[in-house]
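**Q** sequence first, predicted model second:
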Amino acid sequence: MRVAVFGTKGYDRRFLSEANAAHAHELIFLEPRLDLSTAPLAAGCAAVCVFVNDCVDAQVLEALAGSGVRLVALRCAGFNNVDLAAAERLGIDVVRVPAYSPHAVAEFTIGLMLAVDRHIPRAWSRVRDNNFALDGLIGRNLHGRMVGVIGTGKIGALVARSLRAGFGCDVLASDVVTDPELERIGVRYVPRATLLEQAEIVTLHCPLTPVTRHLIDAAAIARAREGLLIVNTSRGALIDTAALIDGLKSRKIGGVALDVYEQEADLFFEDLSNEIVGDDVFQRLLTFPNVLVTGHQAFLTEEALTAIAETTLASISEAEAGRELANRVGTERVAG
């Protein structure tokens, strides 16, 4: 099958090309992200392969359908950037990678939590200037802290287990489905409002839906404990960034570690070091000494990239052969 692969970086080309040896698809690697202006680049292709910040709305899907595209293959787990109703109406199948390496994101989450709580980036920066003073670097143990995990799917469950069994945290969890294995090791499921009121640290691991959008907003921050630490490696729009900044200014929020940002599409995955970034909200966020931001790299391990490539290409092969699509995403997935 001829596939237009949008928004590709060197690592995408490497891992997809290696995995394609077992499938022999014709992969057309394109650097631009998919949007209405770049959709014509998929002409002559039966499928497009996209990532988290590609635009796959109704207009783009109509343009793709007009050029013969019948499959959208997401090389990621999230699908909130795809208009699933429009895809269904146009006869375009959508597939994703439901689980590539949950360990990659879970481990990165713990790393961010420790880095911001123990001031590791600030300490590293000081040492590079030959400043070895410890003033202002006092952190807190994770052991014995009350940590809230919102979303206990594959990634959230790993984080909860690590915090409970590995660090000895008191772990609260919130999800529409409880995990008996987590309950057996002492993780306590509580309503989301209770979790937000009681936790000293909150880490987000739920999908972005109309229900979870701005889950962390001004009202949630107002109910939270003083000095709350927030970690987000899931989806940027789970947090209302303006409310987050207000919480930091008032010192209600004691620290933030983000690998995602709700307006990241025009920023992340690009080298803007010689550019003027016009996002004033993002620039304000970076001014706080207790904020750590990384550029959506939690997934970026060799194991995860291999699994993403293999699963994506296997789905494309299923579509080419007319077989049932094991990783198909339909409109029924939007609810909840």
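**A** Looks like it came in fine.

**Q** on the three-state scheme, the nearest residue to residue 58 once chain neighbours are set aside is what?
**A** Once flanking residues are discounted, residue 58 sits nearest to residue 86: 3.8 Å by C-beta to C-beta, 6 or more residues apart in numbering. Every residue, glycine included, has its C-beta placed from N, CA and C. Secondary structure, DSSP: H, G, I helix; E, B strand; the rest coil: residue 86 is helix.

**Q** can you get me a residue count around residue 86?
**A** By other C-beta atoms under 10 Å, the residues close to residue 86 number 18.

**Q** surely it and residue 57 touch.
**A** Yes. The pair residue 86 / residue 57 is scored as a contact, 7.3 Å apart, by C-beta atoms under 8 Å.

**Q** list the contacts of the nearest residue to residue 212 once chain neighbours are set aside.
**A** For residue 212, ignoring the flanking residues on the chain, the nearest one in space by C-beta to C-beta, 6+ apart is residue 206 at 5.3 Å. Contacts for residue 206 were tallied using C-beta atoms under 8 Å, 6 or more residues apart in numbering; they are 150-151, 153, 156, 175, 212, 215, 234, 238.

**Q** residue contacts, the residue nearest to residue 58?
**A** By C-beta under 8 Å, 6+ apart, the neighbours of residue 86 are 57-58, 61-62.

**Q** circling back to that earlier point, roughly how far does the residue nearest to residue 212 sit from residue 81?
**A** 16 Å (C-beta to C-beta, to the nearest Å).

**Q** then residue 208?
**A** 9 Å.

**Q** just for the protein, where's the confidence low?
**A** Scanning the chain for pLDDT under 70 picks out the ranges 332-336.

**Q** just so I have it, where are all the strands in it?
**A** Listed in chain order, the strands found in the chain under DSSP state E are 2-5, 26-29, 47-50, 71-74, 93-95, 146-150, 170-174, 188-189, 201-204, 228-232, 253-258, 291-293.

**Q** dump those strands to CSV, plus distance to residue 308.
**A** Converted to CSV, these look like this (distance: least, C-beta to C-beta, whole Å):
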stretch, distance to residue 308
strand 2-5, 12
strand 26-29, 14
strand 47-50, 10
strand 71-74, 10
strand 93-95, 12
strand 146-150, 24
strand 170-174, 27
strand 188-189, 30
strand 201-204, 21
strand 228-232, 21
strand 253-258, 22
strand 291-293, 23
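
**Q** residue 122 is nearest to which of these?
**A** strand 291-293 (9.4 Å; C-beta to C-beta).

**Q** strand partners of the closest one, parallel vs antiparallel please.
**A** strand 253-258 (parallel) (DSSP bridges).

**Q** contacts for the partner strand, please.
**A** Strand 253-258 has contacts (C-beta under 8 Å, 6+ apart) with 112-113, 115-117, 221, 224, 226-232, 236, 239, 244, 247-248, 285, 288, 290-294.

**Q** in stretch 39-52, which residues are buried?
**A** Residues 39, 41-42, 45-52 are the ones in stretch 39-52 that count as buried (16 or more other C-beta atoms under 10 Å).

**Q** from those, which two are the most distant?
**A** 46 and 52 (22.5 Å).

**Q** now do the helices in the stretch 1-150 of the chain.
**A** Along the stretch 1-150 of the chain, the segments classed as helices by DSSP state H, counting those that start in this stretch run 10-19, 58-66, 84-90, 102-117, 120-128.

**Q** now render these as TSV, adding distance to residue 309.
**A** Converted to TSV, the helices of the stretch 1-150 of the chain look like this (distance: least, C-beta to C-beta, whole Å):
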stretch	distance to residue 309
helix 10-19	4
helix 58-66	22
helix 84-90	23
helix 102-117	14
helix 120-128	31
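
**Q** nearest to residue 318, of these?
**A** Short answer: helix 10-19, nearest of the helices of the stretch 1-150 of the chain by C-beta to C-beta, at 14.4 Å.

**Q** what about residue 236, neighbour count?
**A** When counting by other C-beta under 10 Å, one arrives at 20 neighbours for residue 236.

**Q** what do you get for residue 210?
**A** Using other C-beta under 10 Å, residue 210 has 9 other residues around it.

**Q** fine by me, we can end here.
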